[in-house]
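**Student:** Got a predicted structure here, sequence first:
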Amino acid sequence: MNRQKLEAELSYKFEIENLNAWFGSKQVLKNINMKIKEKAITAIIGPSGCGKTTLIRCLNRMHETVPDAKVTGRVLFNGVDVYGRDIDPVQIRRKIGMIFQKPNPFPMMSIYDNVAIGLKLNGVKDKRKVDSIVEKSLRMVGLWDEVKDELNKSGASLSGGQQQRLCIARALAVEPEVLLMDEPTSALDPISSAKIELLIRELAEDYTIIIVTHNMQQAARVSDYTAFLYLGELIEYGPTRQIFENPKNELTEKYLTGGFG
Amino acid sequence: MMDNYRIRKIKDRLMRILLWSSLIIAMIPLFSILLDVFINGARAINIDFFLLPTPTVGEKGGIANAIQGTLITLGLASIIGVPIGIMSGIFLSEYHDSKLSQPVRFINDVLSGFPSIVVGIFGYVLIASVIGFSVIAAAFSLAIIMIPIVTRTTEESLRMVPVAIREAALALGIRRWKTIIFIVLKGGRKGIVTGVLLALARIAGESAPVLVTMGYWRWWFSGLNRPASNLALNIYLFAISPFENWRTLAWGSALFLILMILGISILIRVLTRGKYE
(Lines give C-alpha, C1' and ligand atoms only; values in the text may rest on other atoms or scores of the structure.)
Protein backbone atom coordinates (compact mmCIF):
# COMPACT_ATOMS: atom_id res chain seq x y z
CA MET A 1 0.00 0.00 0.00
CA ASN A 2 1.53 3.30 -0.95
CA ARG A 3 1.89 6.09 1.48
CA GLN A 4 -0.57 8.46 -0.12
CA LYS A 5 -3.32 5.89 -0.11
CA LEU A 6 -2.60 5.07 3.52
CA GLU A 7 -2.86 8.70 4.57
CA ALA A 8 -6.07 9.15 2.65
CA GLU A 9 -7.55 6.20 4.49
CA LEU A 10 -6.40 7.38 7.86
CA SER A 11 -8.41 10.54 7.59
CA TYR A 12 -11.55 8.42 7.58
CA LYS A 13 -12.91 7.70 11.03
CA PHE A 14 -15.35 5.09 9.81
CA GLU A 15 -15.44 2.93 6.73
CA ILE A 16 -18.74 1.15 6.48
CA GLU A 17 -18.72 -1.84 4.16
CA ASN A 18 -21.76 -3.80 3.04
CA LEU A 19 -23.64 -3.06 6.24
CA ASN A 20 -27.01 -4.76 6.62
CA ALA A 21 -29.20 -4.61 9.70
CA TRP A 22 -32.41 -6.30 10.75
CA PHE A 23 -35.03 -6.16 13.47
CA GLY A 24 -36.31 -9.73 13.50
CA SER A 25 -37.08 -10.49 9.86
CA LYS A 26 -37.45 -6.85 8.84
CA GLN A 27 -34.38 -5.52 7.09
CA VAL A 28 -33.81 -1.88 8.01
CA LEU A 29 -30.41 -1.26 6.41
CA LYS A 30 -29.51 -2.57 2.98
CA ASN A 31 -25.92 -2.86 1.93
CA ILE A 32 -24.66 0.48 3.17
CA ASN A 33 -21.21 1.58 2.02
CA MET A 34 -19.84 4.90 3.17
CA LYS A 35 -16.70 6.49 4.56
CA ILE A 36 -16.95 9.09 7.27
CA LYS A 37 -14.35 11.82 7.60
CA GLU A 38 -12.52 12.49 10.80
CA LYS A 39 -13.22 15.75 12.69
CA ALA A 40 -16.05 16.68 10.39
CA ILE A 41 -19.80 16.75 10.85
CA THR A 42 -21.71 14.21 8.83
CA ALA A 43 -25.48 14.54 8.74
CA ILE A 44 -27.77 11.65 8.00
CA ILE A 45 -31.14 12.69 6.64
CA GLY A 46 -34.16 10.88 5.32
CA PRO A 47 -37.84 10.28 6.03
CA SER A 48 -38.97 8.58 9.25
CA GLY A 49 -38.26 4.87 9.38
CA CYS A 50 -35.56 4.99 6.71
CA GLY A 51 -32.90 3.54 9.03
CA LYS A 52 -31.04 6.71 10.04
CA THR A 53 -31.02 5.88 13.72
CA THR A 54 -30.21 2.22 13.10
CA LEU A 55 -27.23 3.25 11.00
CA ILE A 56 -25.58 5.20 13.78
CA ARG A 57 -26.54 2.58 16.35
CA CYS A 58 -24.62 0.05 14.27
CA LEU A 59 -21.49 2.17 14.59
CA ASN A 60 -21.21 1.87 18.38
CA ARG A 61 -22.79 -1.56 18.55
CA MET A 62 -25.92 -0.32 20.30
CA HIS A 63 -28.13 -1.91 17.63
CA GLU A 64 -27.44 -5.38 18.99
CA THR A 65 -28.66 -4.46 22.49
CA VAL A 66 -32.22 -4.71 21.17
CA PRO A 67 -33.62 -8.26 21.23
CA ASP A 68 -33.86 -9.87 17.76
CA ALA A 69 -31.57 -7.29 16.18
CA LYS A 70 -28.99 -8.54 13.67
CA VAL A 71 -26.11 -6.97 11.76
CA THR A 72 -23.85 -8.13 8.95
CA GLY A 73 -21.00 -6.35 7.19
CA ARG A 74 -18.01 -4.43 8.43
CA VAL A 75 -17.62 -1.14 10.22
CA LEU A 76 -14.00 -0.09 10.34
CA PHE A 77 -13.34 2.36 13.16
CA ASN A 78 -9.79 3.76 12.92
CA GLY A 79 -9.18 0.91 10.53
CA VAL A 80 -10.36 -1.83 12.92
CA ASP A 81 -13.62 -3.70 12.40
CA VAL A 82 -15.89 -3.02 15.39
CA TYR A 83 -17.61 -6.33 14.62
CA GLY A 84 -14.28 -8.14 14.68
CA ARG A 85 -13.99 -11.34 16.62
CA ASP A 86 -11.97 -10.09 19.58
CA ILE A 87 -13.61 -6.71 19.87
CA ASP A 88 -15.34 -5.84 23.13
CA PRO A 89 -18.40 -3.69 22.38
CA VAL A 90 -17.96 -1.92 25.72
CA GLN A 91 -14.54 -0.64 24.66
CA ILE A 92 -16.01 0.56 21.37
CA ARG A 93 -18.78 2.47 23.15
CA ARG A 94 -16.26 4.23 25.36
CA LYS A 95 -14.64 5.72 22.29
CA ILE A 96 -17.89 6.50 20.51
CA GLY A 97 -20.23 8.63 22.58
CA MET A 98 -23.95 8.86 21.88
CA ILE A 99 -26.54 11.58 22.37
CA PHE A 100 -30.17 10.56 22.21
CA GLN A 101 -33.28 12.13 20.80
CA LYS A 102 -34.83 12.78 24.16
CA PRO A 103 -32.49 14.16 26.81
CA ASN A 104 -31.95 11.25 29.19
CA PRO A 105 -29.91 12.36 32.19
CA PHE A 106 -29.97 9.86 35.06
CA PRO A 107 -32.87 11.28 37.09
CA MET A 108 -31.76 9.81 40.41
CA MET A 109 -28.31 11.39 40.20
CA SER A 110 -26.97 14.87 40.77
CA ILE A 111 -25.70 17.02 37.93
CA TYR A 112 -22.17 16.26 39.08
CA ASP A 113 -22.73 12.51 39.22
CA ASN A 114 -24.39 12.51 35.82
CA VAL A 115 -21.13 13.72 34.31
CA ALA A 116 -18.86 11.77 36.63
CA ILE A 117 -20.62 8.40 36.52
CA GLY A 118 -18.97 7.17 33.33
CA LEU A 119 -15.55 7.83 34.83
CA LYS A 120 -16.41 6.43 38.22
CA LEU A 121 -17.87 3.20 36.88
CA ASN A 122 -14.95 2.83 34.51
CA GLY A 123 -12.57 2.83 37.43
CA VAL A 124 -11.29 6.41 37.76
CA LYS A 125 -10.84 6.77 41.52
CA ASP A 126 -8.86 10.01 41.82
CA LYS A 127 -11.42 12.54 43.06
CA ARG A 128 -9.40 15.54 41.88
CA LYS A 129 -9.12 14.12 38.39
CA VAL A 130 -12.87 13.44 38.29
CA ASP A 131 -13.58 16.97 39.56
CA SER A 132 -11.47 18.54 36.87
CA ILE A 133 -12.94 16.42 34.07
CA VAL A 134 -16.47 17.22 35.26
CA GLU A 135 -15.69 20.93 35.21
CA LYS A 136 -13.96 20.72 31.83
CA SER A 137 -16.86 18.76 30.28
CA LEU A 138 -19.47 21.15 31.66
CA ARG A 139 -17.45 24.11 30.39
CA MET A 140 -17.21 22.58 26.93
CA VAL A 141 -20.99 22.43 26.65
CA GLY A 142 -21.37 25.91 28.13
CA LEU A 143 -23.21 24.65 31.19
CA TRP A 144 -20.60 25.27 33.88
CA ASP A 145 -21.57 28.86 34.67
CA GLU A 146 -25.23 27.92 34.78
CA VAL A 147 -24.87 24.99 37.17
CA LYS A 148 -21.61 25.41 39.08
CA ASP A 149 -23.44 26.42 42.28
CA GLU A 150 -25.96 23.63 42.11
CA LEU A 151 -23.94 20.60 41.12
CA ASN A 152 -25.76 18.60 43.77
CA LYS A 153 -29.18 19.21 42.31
CA SER A 154 -30.88 16.50 40.32
CA GLY A 155 -30.04 16.29 36.62
CA ALA A 156 -33.78 16.16 36.00
CA SER A 157 -34.25 19.62 37.55
CA LEU A 158 -32.68 21.33 34.53
CA SER A 159 -34.57 22.60 31.48
CA GLY A 160 -34.76 20.42 28.37
CA GLY A 161 -31.96 22.24 26.56
CA GLN A 162 -29.76 22.18 29.64
CA GLN A 163 -30.48 18.48 30.08
CA GLN A 164 -29.37 17.77 26.53
CA ARG A 165 -26.16 19.74 27.07
CA LEU A 166 -25.67 17.81 30.32
CA CYS A 167 -25.99 14.59 28.30
CA ILE A 168 -23.37 15.86 25.86
CA ALA A 169 -21.08 16.70 28.80
CA ARG A 170 -21.70 13.22 30.18
CA ALA A 171 -20.63 11.72 26.87
CA LEU A 172 -17.57 14.00 26.62
CA ALA A 173 -16.40 13.12 30.11
CA VAL A 174 -15.34 9.62 29.11
CA GLU A 175 -13.18 11.21 26.39
CA PRO A 176 -14.60 9.69 23.21
CA GLU A 177 -13.28 10.30 19.70
CA VAL A 178 -16.67 10.33 18.06
CA LEU A 179 -20.09 11.69 19.01
CA LEU A 180 -23.17 10.08 17.51
CA MET A 181 -26.21 12.32 17.81
CA ASP A 182 -29.68 10.96 17.21
CA GLU A 183 -31.92 13.93 16.45
CA PRO A 184 -30.44 15.79 19.42
CA THR A 185 -32.62 18.88 19.11
CA SER A 186 -35.94 17.42 18.05
CA ALA A 187 -37.33 17.56 21.58
CA LEU A 188 -36.07 21.11 22.21
CA ASP A 189 -37.32 24.66 21.66
CA PRO A 190 -35.72 26.78 18.90
CA ILE A 191 -33.41 28.73 21.22
CA SER A 192 -32.08 25.62 22.93
CA SER A 193 -31.71 23.99 19.52
CA ALA A 194 -29.66 26.90 18.23
CA LYS A 195 -27.37 26.61 21.26
CA ILE A 196 -26.86 22.92 20.64
CA GLU A 197 -26.14 23.52 16.95
CA LEU A 198 -23.52 26.09 17.86
CA LEU A 199 -22.03 23.64 20.31
CA ILE A 200 -21.92 20.91 17.66
CA ARG A 201 -19.91 23.20 15.38
CA GLU A 202 -17.47 23.94 18.19
CA LEU A 203 -17.08 20.28 19.09
CA ALA A 204 -16.27 19.39 15.48
CA GLU A 205 -12.83 20.96 16.03
CA ASP A 206 -11.88 17.99 18.17
CA TYR A 207 -14.43 15.28 17.50
CA THR A 208 -15.89 13.38 14.62
CA ILE A 209 -19.62 14.03 14.72
CA ILE A 210 -22.39 12.11 13.03
CA ILE A 211 -25.80 13.65 13.43
CA VAL A 212 -29.12 12.13 12.48
CA THR A 213 -31.73 14.74 11.78
CA HIS A 214 -35.14 14.97 10.19
CA ASN A 215 -34.63 18.70 9.94
CA MET A 216 -33.08 19.45 6.54
CA GLN A 217 -32.28 23.04 7.43
CA GLN A 218 -30.34 21.79 10.41
CA ALA A 219 -28.34 19.41 8.23
CA ALA A 220 -27.62 22.27 5.83
CA ARG A 221 -26.58 24.59 8.66
CA VAL A 222 -24.30 22.37 10.68
CA SER A 223 -22.91 19.57 8.55
CA ASP A 224 -19.94 19.24 6.24
CA TYR A 225 -21.19 16.05 4.62
CA THR A 226 -24.71 14.77 4.18
CA ALA A 227 -25.99 11.28 3.54
CA PHE A 228 -29.53 10.72 2.31
CA LEU A 229 -31.11 7.44 3.33
CA TYR A 230 -34.33 6.07 1.90
CA LEU A 231 -35.98 2.76 2.82
CA GLY A 232 -32.75 1.47 4.30
CA GLU A 233 -30.59 2.33 1.32
CA LEU A 234 -27.95 5.00 1.00
CA ILE A 235 -29.25 7.04 -1.92
CA GLU A 236 -26.74 9.83 -2.02
CA TYR A 237 -23.75 10.93 0.02
CA GLY A 238 -21.39 13.84 -0.45
CA PRO A 239 -20.42 17.33 0.66
CA THR A 240 -23.46 19.04 2.18
CA ARG A 241 -23.33 21.97 -0.24
CA GLN A 242 -23.37 19.67 -3.23
CA ILE A 243 -26.20 17.53 -1.87
CA PHE A 244 -28.38 20.53 -1.17
CA GLU A 245 -27.54 22.67 -4.17
CA ASN A 246 -26.94 20.10 -6.81
CA PRO A 247 -28.26 16.66 -5.87
CA LYS A 248 -27.42 13.98 -8.39
CA ASN A 249 -30.22 11.65 -7.52
CA GLU A 250 -33.83 12.36 -8.34
CA LEU A 251 -35.05 10.94 -5.02
CA THR A 252 -32.73 13.22 -3.07
CA GLU A 253 -33.98 16.24 -4.94
CA LYS A 254 -37.58 15.23 -4.41
CA TYR A 255 -37.00 14.77 -0.69
CA LEU A 256 -35.15 18.05 -0.29
CA THR A 257 -37.85 19.98 -2.09
CA GLY A 258 -40.52 18.46 0.13
CA GLY A 259 -41.84 16.01 -2.45
CA PHE A 260 -42.28 13.31 0.20
CA GLY A 261 -41.34 12.41 3.72
CA MET B 1 -81.99 18.09 25.97
CA MET B 2 -82.47 19.18 29.54
CA ASP B 3 -83.79 15.75 30.54
CA ASN B 4 -80.85 14.05 29.00
CA TYR B 5 -78.52 16.23 31.01
CA ARG B 6 -80.39 15.47 34.22
CA ILE B 7 -80.28 11.76 33.59
CA ARG B 8 -76.57 11.90 33.02
CA LYS B 9 -76.13 13.91 36.16
CA ILE B 10 -78.15 11.42 38.17
CA LYS B 11 -76.14 8.54 36.71
CA ASP B 12 -72.97 10.31 37.68
CA ARG B 13 -74.21 10.81 41.21
CA LEU B 14 -75.38 7.20 41.51
CA MET B 15 -72.00 5.97 40.36
CA ARG B 16 -70.30 8.13 42.94
CA ILE B 17 -72.55 6.88 45.72
CA LEU B 18 -71.90 3.31 44.63
CA LEU B 19 -68.14 3.80 44.71
CA TRP B 20 -68.21 5.54 48.06
CA SER B 21 -70.39 2.90 49.65
CA SER B 22 -68.14 0.13 48.30
CA LEU B 23 -65.20 1.88 49.85
CA ILE B 24 -66.98 2.18 53.18
CA ILE B 25 -68.10 -1.47 53.12
CA ALA B 26 -64.54 -2.53 52.41
CA MET B 27 -63.27 -0.40 55.30
CA ILE B 28 -65.75 -1.68 57.91
CA PRO B 29 -64.05 -5.04 58.59
CA LEU B 30 -60.60 -3.44 58.51
CA PHE B 31 -61.49 -0.79 61.05
CA SER B 32 -63.54 -3.06 63.26
CA ILE B 33 -60.62 -5.46 63.47
CA LEU B 34 -58.21 -2.62 64.20
CA LEU B 35 -60.57 -1.18 66.82
CA ASP B 36 -61.02 -4.56 68.51
CA VAL B 37 -57.29 -5.21 68.53
CA PHE B 38 -56.54 -1.75 69.89
CA ILE B 39 -59.14 -1.87 72.67
CA ASN B 40 -58.32 -5.39 73.80
CA GLY B 41 -54.63 -5.19 73.08
CA ALA B 42 -54.13 -1.93 74.92
CA ARG B 43 -55.22 -3.64 78.17
CA ALA B 44 -52.39 -6.14 77.84
CA ILE B 45 -49.73 -3.53 77.42
CA ASN B 46 -47.59 -2.56 80.38
CA ILE B 47 -43.92 -2.68 81.21
CA ASP B 48 -43.97 -6.40 82.05
CA PHE B 49 -45.51 -7.09 78.65
CA PHE B 50 -42.34 -5.89 76.93
CA LEU B 51 -39.78 -7.17 79.42
CA LEU B 52 -40.92 -10.61 80.58
CA PRO B 53 -41.09 -13.89 78.69
CA THR B 54 -44.19 -16.06 78.31
CA PRO B 55 -45.78 -16.66 81.72
CA THR B 56 -47.07 -19.90 83.11
CA VAL B 57 -50.74 -20.11 83.98
CA GLY B 58 -51.85 -17.27 86.23
CA GLU B 59 -48.37 -15.76 86.51
CA LYS B 60 -47.23 -12.34 85.34
CA GLY B 61 -45.47 -12.32 81.98
CA GLY B 62 -45.04 -10.77 78.58
CA ILE B 63 -43.99 -11.30 75.03
CA ALA B 64 -40.34 -10.24 75.18
CA ASN B 65 -39.12 -13.67 74.15
CA ALA B 66 -41.61 -13.78 71.26
CA ILE B 67 -40.45 -10.37 70.00
CA GLN B 68 -36.86 -11.55 70.21
CA GLY B 69 -37.59 -14.84 68.47
CA THR B 70 -39.68 -13.18 65.75
CA LEU B 71 -37.05 -10.56 64.96
CA ILE B 72 -34.32 -13.18 64.72
CA THR B 73 -36.45 -15.42 62.52
CA LEU B 74 -37.54 -12.56 60.26
CA GLY B 75 -33.94 -11.38 60.02
CA LEU B 76 -32.63 -14.79 59.02
CA ALA B 77 -35.49 -15.29 56.55
CA SER B 78 -34.68 -11.93 54.97
CA ILE B 79 -30.97 -12.75 54.75
CA ILE B 80 -31.91 -15.86 52.78
CA GLY B 81 -34.92 -14.59 50.84
CA VAL B 82 -34.22 -10.96 49.94
CA PRO B 83 -30.99 -11.42 47.94
CA ILE B 84 -32.40 -14.42 46.05
CA GLY B 85 -35.66 -12.56 45.38
CA ILE B 86 -33.95 -9.38 44.20
CA MET B 87 -31.51 -11.28 42.01
CA SER B 88 -34.28 -13.33 40.40
CA GLY B 89 -36.22 -10.11 39.84
CA ILE B 90 -33.19 -8.53 38.18
CA PHE B 91 -32.81 -11.61 36.01
CA LEU B 92 -36.45 -11.52 34.91
CA SER B 93 -36.39 -7.81 34.17
CA GLU B 94 -32.94 -7.37 32.64
CA TYR B 95 -32.48 -10.67 30.86
CA HIS B 96 -36.01 -11.11 29.60
CA ASP B 97 -34.75 -12.26 26.21
CA SER B 98 -33.33 -15.35 27.94
CA LYS B 99 -35.12 -18.63 27.25
CA LEU B 100 -35.18 -19.27 30.99
CA SER B 101 -37.14 -16.18 31.93
CA GLN B 102 -40.58 -17.41 30.87
CA PRO B 103 -40.41 -20.65 32.89
CA VAL B 104 -38.86 -18.84 35.84
CA ARG B 105 -41.65 -16.28 35.85
CA PHE B 106 -44.25 -19.03 35.65
CA ILE B 107 -42.72 -21.02 38.50
CA ASN B 108 -42.46 -17.85 40.54
CA ASP B 109 -46.16 -17.14 40.05
CA VAL B 110 -47.06 -20.68 41.04
CA LEU B 111 -44.82 -20.41 44.10
CA SER B 112 -46.49 -17.19 45.22
CA GLY B 113 -49.84 -18.94 45.16
CA PHE B 114 -48.67 -21.88 47.26
CA PRO B 115 -50.54 -22.40 50.53
CA SER B 116 -48.13 -21.44 53.27
CA ILE B 117 -48.75 -24.66 55.17
CA VAL B 118 -47.40 -26.60 52.18
CA VAL B 119 -44.27 -24.46 52.22
CA GLY B 120 -44.05 -25.15 55.94
CA ILE B 121 -44.24 -28.88 55.42
CA PHE B 122 -41.54 -28.59 52.76
CA GLY B 123 -39.36 -26.84 55.34
CA TYR B 124 -40.22 -29.51 57.85
CA VAL B 125 -39.26 -32.38 55.55
CA LEU B 126 -36.10 -30.73 54.28
CA ILE B 127 -34.75 -29.22 57.49
CA ALA B 128 -36.82 -29.70 60.64
CA SER B 129 -36.99 -33.48 60.22
CA VAL B 130 -33.19 -33.55 59.89
CA ILE B 131 -31.90 -31.07 62.48
CA GLY B 132 -35.08 -30.73 64.50
CA PHE B 133 -37.60 -27.92 65.03
CA SER B 134 -35.51 -24.79 64.76
CA VAL B 135 -35.23 -21.13 63.82
CA ILE B 136 -33.32 -22.23 60.71
CA ALA B 137 -36.17 -24.43 59.52
CA ALA B 138 -38.75 -21.69 60.15
CA ALA B 139 -36.63 -18.98 58.51
CA PHE B 140 -36.07 -21.22 55.49
CA SER B 141 -39.82 -21.75 55.04
CA LEU B 142 -40.56 -18.05 55.49
CA ALA B 143 -37.81 -17.18 53.01
CA ILE B 144 -39.52 -19.37 50.42
CA ILE B 145 -42.71 -17.39 50.99
CA MET B 146 -40.77 -14.12 50.62
CA ILE B 147 -38.94 -14.95 47.41
CA PRO B 148 -41.81 -14.81 44.91
CA ILE B 149 -43.11 -11.56 46.38
CA VAL B 150 -39.71 -9.87 46.27
CA THR B 151 -38.99 -11.28 42.80
CA ARG B 152 -42.24 -10.04 41.35
CA THR B 153 -42.04 -6.53 42.80
CA THR B 154 -38.36 -6.21 41.88
CA GLU B 155 -39.09 -7.21 38.30
CA GLU B 156 -42.00 -4.81 38.07
CA SER B 157 -40.17 -1.85 39.54
CA LEU B 158 -37.09 -2.38 37.36
CA ARG B 159 -39.31 -2.52 34.29
CA MET B 160 -40.56 0.93 35.21
CA VAL B 161 -37.04 2.28 34.72
CA PRO B 162 -37.06 3.66 31.16
CA VAL B 163 -35.05 1.90 28.46
CA ALA B 164 -33.50 5.30 27.66
CA ILE B 165 -31.70 5.20 31.02
CA ARG B 166 -30.18 1.79 30.29
CA GLU B 167 -29.18 2.89 26.80
CA ALA B 168 -27.57 6.05 28.12
CA ALA B 169 -25.43 3.97 30.45
CA LEU B 170 -24.51 1.33 27.89
CA ALA B 171 -23.61 4.02 25.35
CA LEU B 172 -21.17 5.47 27.90
CA GLY B 173 -19.28 2.20 27.77
CA ILE B 174 -20.51 1.06 31.18
CA ARG B 175 -20.70 -2.71 31.42
CA ARG B 176 -24.10 -4.32 31.64
CA TRP B 177 -23.75 -5.62 35.20
CA LYS B 178 -22.54 -2.22 36.40
CA THR B 179 -25.39 -0.54 34.55
CA ILE B 180 -27.84 -2.82 36.34
CA ILE B 181 -26.32 -2.51 39.81
CA PHE B 182 -25.42 1.17 39.87
CA ILE B 183 -28.00 2.73 37.59
CA VAL B 184 -31.08 0.59 36.94
CA LEU B 185 -31.29 -0.68 40.51
CA LYS B 186 -31.04 2.88 41.81
CA GLY B 187 -34.00 3.86 39.68
CA GLY B 188 -36.12 0.97 40.92
CA ARG B 189 -35.03 1.19 44.55
CA LYS B 190 -38.31 2.45 45.90
CA GLY B 191 -40.32 -0.36 44.38
CA ILE B 192 -37.86 -2.96 45.58
CA VAL B 193 -38.01 -1.65 49.14
CA THR B 194 -41.79 -1.77 48.96
CA GLY B 195 -41.60 -5.38 47.78
CA VAL B 196 -39.29 -6.36 50.62
CA LEU B 197 -41.62 -4.66 53.10
CA LEU B 198 -44.65 -6.39 51.68
CA ALA B 199 -42.87 -9.71 51.96
CA LEU B 200 -41.77 -8.95 55.54
CA ALA B 201 -45.29 -7.96 56.52
CA ARG B 202 -46.61 -11.12 54.96
CA ILE B 203 -44.21 -13.48 56.76
CA ALA B 204 -44.42 -11.62 60.06
CA GLY B 205 -48.03 -12.72 60.25
CA GLU B 206 -47.51 -16.29 59.05
CA SER B 207 -48.20 -18.88 61.72
CA ALA B 208 -48.84 -22.17 59.87
CA PRO B 209 -45.33 -22.67 58.43
CA VAL B 210 -43.82 -21.61 61.75
CA LEU B 211 -45.97 -24.08 63.61
CA VAL B 212 -44.73 -27.05 61.59
CA THR B 213 -41.07 -26.00 61.46
CA MET B 214 -40.32 -24.31 64.76
CA GLY B 215 -42.85 -25.88 67.05
CA TYR B 216 -43.76 -24.22 70.28
CA TRP B 217 -41.26 -22.56 72.62
CA ARG B 218 -42.03 -20.55 75.73
CA TRP B 219 -38.53 -19.50 76.64
CA TRP B 220 -35.81 -17.18 75.38
CA PHE B 221 -33.92 -17.69 72.14
CA SER B 222 -31.21 -20.28 72.62
CA GLY B 223 -29.68 -20.89 69.23
CA LEU B 224 -30.53 -20.98 65.53
CA ASN B 225 -30.72 -24.75 65.56
CA ARG B 226 -33.32 -24.70 68.32
CA PRO B 227 -36.90 -23.45 68.45
CA ALA B 228 -37.69 -19.87 69.41
CA SER B 229 -40.84 -18.08 70.43
CA ASN B 230 -42.88 -16.34 67.74
CA LEU B 231 -45.52 -13.59 67.82
CA ALA B 232 -47.86 -14.95 65.16
CA LEU B 233 -47.77 -18.39 66.68
CA ASN B 234 -48.35 -16.89 70.13
CA ILE B 235 -51.50 -15.24 68.89
CA TYR B 236 -52.78 -18.54 67.61
CA LEU B 237 -51.83 -20.63 70.61
CA PHE B 238 -52.72 -18.09 73.29
CA ALA B 239 -56.03 -17.15 71.70
CA ILE B 240 -57.33 -20.71 71.82
CA SER B 241 -56.03 -21.33 75.34
CA PRO B 242 -58.43 -21.46 78.29
CA PHE B 243 -56.25 -19.15 80.41
CA GLU B 244 -57.30 -15.55 80.85
CA ASN B 245 -53.76 -14.17 81.09
CA TRP B 246 -52.71 -15.93 77.88
CA ARG B 247 -55.72 -14.65 75.99
CA THR B 248 -54.87 -11.12 77.06
CA LEU B 249 -51.33 -11.69 75.80
CA ALA B 250 -52.76 -12.84 72.46
CA TRP B 251 -54.52 -9.49 72.06
CA GLY B 252 -51.39 -7.67 73.08
CA SER B 253 -49.29 -9.68 70.65
CA ALA B 254 -51.72 -8.92 67.83
CA LEU B 255 -51.56 -5.22 68.57
CA PHE B 256 -47.79 -5.32 68.79
CA LEU B 257 -47.47 -7.22 65.50
CA ILE B 258 -49.64 -4.68 63.70
CA LEU B 259 -47.71 -1.77 65.15
CA MET B 260 -44.41 -3.44 64.35
CA ILE B 261 -45.33 -3.89 60.69
CA LEU B 262 -46.57 -0.32 60.55
CA GLY B 263 -43.39 0.89 62.23
CA ILE B 264 -41.07 -1.02 59.88
CA SER B 265 -42.95 0.38 56.88
CA ILE B 266 -42.69 3.96 58.03
CA LEU B 267 -39.07 3.65 59.12
CA ILE B 268 -37.79 2.11 55.91
CA ARG B 269 -39.79 4.52 53.78
CA VAL B 270 -38.20 7.44 55.58
CA LEU B 271 -34.72 5.94 55.37
CA THR B 272 -34.92 5.20 51.67
CA ARG B 273 -36.52 8.43 50.63
CA GLY B 274 -34.38 9.46 47.68
CA LYS B 275 -32.66 12.79 47.55
CA TYR B 276 -34.24 13.62 44.24
CA GLU B 277 -37.83 12.46 44.47
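**Tutor:** Great, that's in hand. Fair warning: this is a prediction, and the values are worked out from it, not measured in the lab. Numbers count the residues shown, from 1 in each chain, chains lettered A, B, ... in the order given.
**Student:** mind giving me the domain split of chain B?
**Tutor:** B:2-42, B:67-227 (automatic domain parsing).
**Student:** tell me which element residue A:97 falls in.
**Tutor:** strand A:96-99 (DSSP states H and E).
**Student:** still on that earlier bit, looking at the domains of chain B, which is buried most?
**Tutor:** domain B:67-227 (a mean of 20; mean count of other Cβ atoms under 10 Å in any protein chain shown). The way it works is simple: take the backbone N, C-alpha and C, and place the C-beta from them, glycine included.
**Student:** Might you calculate how far that one sits from the centre of the chain?
**Tutor:** Domain B:67-227 sits 10 Å away from the centroid of its parent chain (Cα atoms, centre = their mean, to the nearest Å).
**Student:** what's the one residue in chain A that gets nearest to chain B in contact with, if anything?
**Tutor:** Using Cβ to the nearest Cβ, the closest approach of chain A to chain B is made by residue A:94 at 3.1 Å. Going by Cβ atoms under 8 Å, 6 or more residues apart in numbering or on different chains, residue A:94 touches A:122, A:174, A:176, B:172-173.
**Student:** Flag every residue of chain B that's near chain A.
**Tutor:** Within chain B, the residues that sit near chain A (Cβ under 8 Å from any Cβ of the partner chain) are B:96-97, B:162, B:164-165, B:167-175, B:178, B:182-183, B:186-187, B:189, B:274-277.
**Student:** one more time with 6 Å, if that's ok
**Tutor:** Residues of chain B lying near chain A by Cβ under 6 Å from any Cβ of the partner chain: B:97, B:164, B:168, B:170-175, B:178, B:182, B:186-187, B:276.
**Student:** among these, which are in helices?
**Tutor:** Of those, the ones assigned to helices by DSSP state H are B:164, B:168, B:170-171, B:178, B:186-187.
**Student:** Let's have the residues you listed in CSV, adding pLDDT.
**Tutor:** Shown next, in CSV, are these (pLDDT from 0 to 100):
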residue, pLDDT
B:164, 91
B:168, 94
B:170, 93
B:171, 93
B:178, 91
B:186, 88
B:187, 86
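**Student:** Put together JSON lines for those residues, with distance to residue A:67 on each row.
**Tutor:** Formatted as JSON lines, these follow (distance: Cβ to Cβ, whole Å):
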{"residue": "B:164", "distance to residue A:67": "16"}
{"residue": "B:168", "distance to residue A:67": "19"}
{"residue": "B:170", "distance to residue A:67": "14"}
{"residue": "B:171", "distance to residue A:67": "17"}
{"residue": "B:178", "distance to residue A:67": "21"}
{"residue": "B:186", "distance to residue A:67": "24"}
{"residue": "B:187", "distance to residue A:67": "20"}
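**Student:** hang on, the earlier thing: buried sites along the helix or strand where the residue of chain A closest to chain B lies?
**Tutor:** Using DSSP H and E, residue A:94 maps to helix A:89-95. Neighbour counts over helix A:89-95 (16 or more other Cβ atoms under 10 Å in any protein chain shown) mark A:89-90, A:92-95 as buried.
**Student:** and if you look at stretch A:243-256?
**Tutor:** A:243-244, A:247, A:251-253, A:255-256.
**Student:** In helices, which of the residues you listed appear?
**Tutor:** Reading helices off the buried residues of stretch A:243-256 with DSSP H, I get A:243-244, A:251-253, A:255-256.
**Student:** Which pair in those has the greatest spatial separation?
**Tutor:** The distance between the two most remote of those (Cβ to Cβ) is 14.3 Å, for A:244 and A:251.
**Student:** Look through chain B and state the residue closest to chain A.
**Tutor:** Proximity of chain B to chain A (Cβ to the nearest Cβ) peaks at residue B:173, 3.1 Å away.
**Student:** Assign the most centrally placed residue in chain A to helix, strand or coil.
**Tutor:** Nearest to the mean C-alpha position of chain A, by Cα atoms, centre = their mean, lies residue A:180 at 0.9 Å. Secondary structure, DSSP: H, G, I helix; E, B strand; the rest coil: residue A:180 is strand.
**Student:** Pull the contacting residues for it.
**Tutor:** A:56, A:98, A:210 (Cβ atoms under 6 Å, 6 or more residues apart in numbering or on different chains).
**Student:** and with 7 Å instead?
**Tutor:** A:56, A:59-60, A:96-98, A:210 (Cβ atoms under 7 Å, 6 or more residues apart in numbering or on different chains).
**Student:** Equivalent analysis for residue B:97, please.
**Tutor:** For residue B:97, counting by Cβ under 7 Å, 6+ apart, the contacting residues are residue A:67.
**Student:** Against residue A:72, how distant is it?
**Tutor:** 20 Å (Cβ to Cβ, to the nearest Å).
**Student:** repeat for residue B:142
**Tutor:** Distance from residue B:142 to residue A:72, by Cβ to Cβ: 52 Å.
**Student:** ditto for residue B:68
**Tutor:** Taking Cβ to Cβ, one finds residue B:68 at 65 Å from residue A:72.
**Student:** now the spatially closest residue to residue A:102 that is not a sequence neighbour, what's its secondary structure?
**Tutor:** In space, and not counting its chain neighbours, residue A:102 is closest to residue A:187: 5.0 Å by Cβ to Cβ, 6 or more residues apart in numbering or on different chains. What three-state DSSP gives for residue A:187 is coil.
**Student:** Show me which residues of the stretch 1-150 of chain A sit near chain B.
**Tutor:** A:60, A:62, A:65, A:67, A:90, A:93-94, A:97-98, A:100, A:102, A:104, A:106-108, A:118, A:121-122 (Cβ under 7 Å from any Cβ of the partner chain).
**Student:** at 8 Å what do you get?
**Tutor:** A:60, A:62, A:65, A:67, A:90-95, A:97-98, A:100, A:102, A:104-110, A:117-118, A:121-122.
**Student:** hmm, which of these are the buried ones?
**Tutor:** A:60, A:62, A:65, A:90, A:92-95, A:97-98, A:100, A:102, A:104-110, A:117-118, A:121-122.
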